[in-house]
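1. Turn this into a structure:
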Amino acid sequence: MRTWLRERRRSRARARPFPEAWAAVLERSVPIYGRLPEEDRQELRGHILVFLVEKRFEGAAGLRIDDEVRVTIAAHACVLLLHRRTDYYPGLHSIIVYPGTYVAQRTVREPIGLVSERAEPRRGESSTRGAIVLAWDAVREASSGAGNCRNVVLHEFAHQLDAQEGAVDGTPVLGDRERHAAWARVLGAEYERLRRDAASGRPTLLDRYGATNPAEFFAVATECFFTLSSALKARHPELYAELQSYYRQDPAALS
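-> From the prediction side, this is the model:
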C-alpha cells in the first residue's frame, strides 16, 4: 500500500506543469540539459518535480535557498536517474548548501594508535545518514561548463547511488553476477591505472582524487562520463562502456 501511494504521489508530481522560471534555470545553469534530446528533457523535468517535493533543502552559513539553488542541484542529481527505474535516492532526505568551501571535522587515527580531530576544508560530502552537503560556489563552477571533469553534484550523488547496495565501495546496484564481474574487472583495472599514474605524476583525464579508493573512483568517473564524455570514451573506452551500460546513457553521442 505504501509503495502504491508513493508512486501515485510521484505520478501527480510529474504531471504538474514545469514552471517557466525553472526551465530558464535549466537552460543557463545545467550544461548537460542543453545537449539532451527533447524526450530526455521531458523525463528530466518530471524527475526534478518529484525530487523537489521529496527532498528538503537547507541553507547554511547565511545562504538563502531559492529556486536557482534548488533547481540547479536537483537537475544535476536527476541526470543520473534518466532511463532507469528509480526510487529517487531513498536514503537521502536533506541537501545542506553552504555559500562556499566549509570546514568539517575529521577523525584521524595515527599510526601509534592516537585518535585526533582535524579541521578539513570541503566543497561537498555525502553521508549515509540521510544528507548531502554542497558548497554553492562549487556547484556554480560546475554549472559554468568549465571544460574539466569536476562536478560536485554528480560526484556526491554518485556516492548516494553507490550506497544503495549497502557498502560505499564503488559498486552500485548492478543486478546479475555477470554484470558484477565485468564491473569489477574494468573499474578495478582503471582504478589501479589511475593510482599508478597519480603516483608517478603522469597527466590524467580523471581527477586524481579518484585514486583515493574505489568509491571515490566511481564518483570521479561519473563526473567525467557526463562532463568530458567524448574524451573519456576515446581514452578509456572500456570504462566508458561500463558507465554507459549502468547509466543507460551515451552522452558522447550528444556532444
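2. Just give the closest residue to the residue positioned nearest the centre of the chain, not the sequence neighbours.
-> Here the mean C-alpha position of the chain is nearest to the C-alpha of Leu154 (C-alpha atoms, centre = their mean), at a distance of 2.3 Å. Of all residues not flanking Leu154 in the chain, Glu223 sits nearest, at 4.9 Å (C-beta to C-beta, 6 or more residues apart in numbering). Glycine gets a C-beta too; all of them are placed from N, C-alpha and C.
3. Near that neighbour, how many other residues are there?
-> Glu223 is flanked by 24 other residues according to other C-beta atoms under 10 Å.
4. Now do it, the pLDDT please.
-> You'll see Glu223 listed with a pLDDT of 97.
5. mind listing what it touches?
-> The contact partners of Glu223, by C-beta atoms under 8 Å, 6 or more residues apart in numbering, come to Cys149, Arg150, Asn151, Leu154, His155, Ala158, Asp207.
6. cool, and Thr204?
-> Thr204 neighbours (C-beta under 8 Å, 6+ apart): Leu194, Asp197, Ala198.
7. Name the helix or strand for the first one, please.
-> Right, the one you point to is Leu194. According to DSSP states H and E, Leu194 maps onto helix 177-200.
8. So which residues make contact with that helix?
-> Here helix 177-200 has contacts from 170-171, 174, 202-204, 206, 208, 210-211, 214, 217-218, 221, 236, 238-239, 241-242, 245-246, using C-beta under 8 Å, 6+ apart.
9. distance of Leu52 from Glu125?
-> Distance, Leu52 to Glu125, using C-beta to C-beta, to the nearest Å: 22 Å.
10. What of Gly188?
-> Distance from Gly188 to Glu125, by C-beta to C-beta: 25 Å.
11. Name the residue in the two with the higher neighbour count.
-> Set side by side, Gly188 and Glu125 show more neighbours around Glu125, with 18 against 14, by other C-beta under 10 Å.
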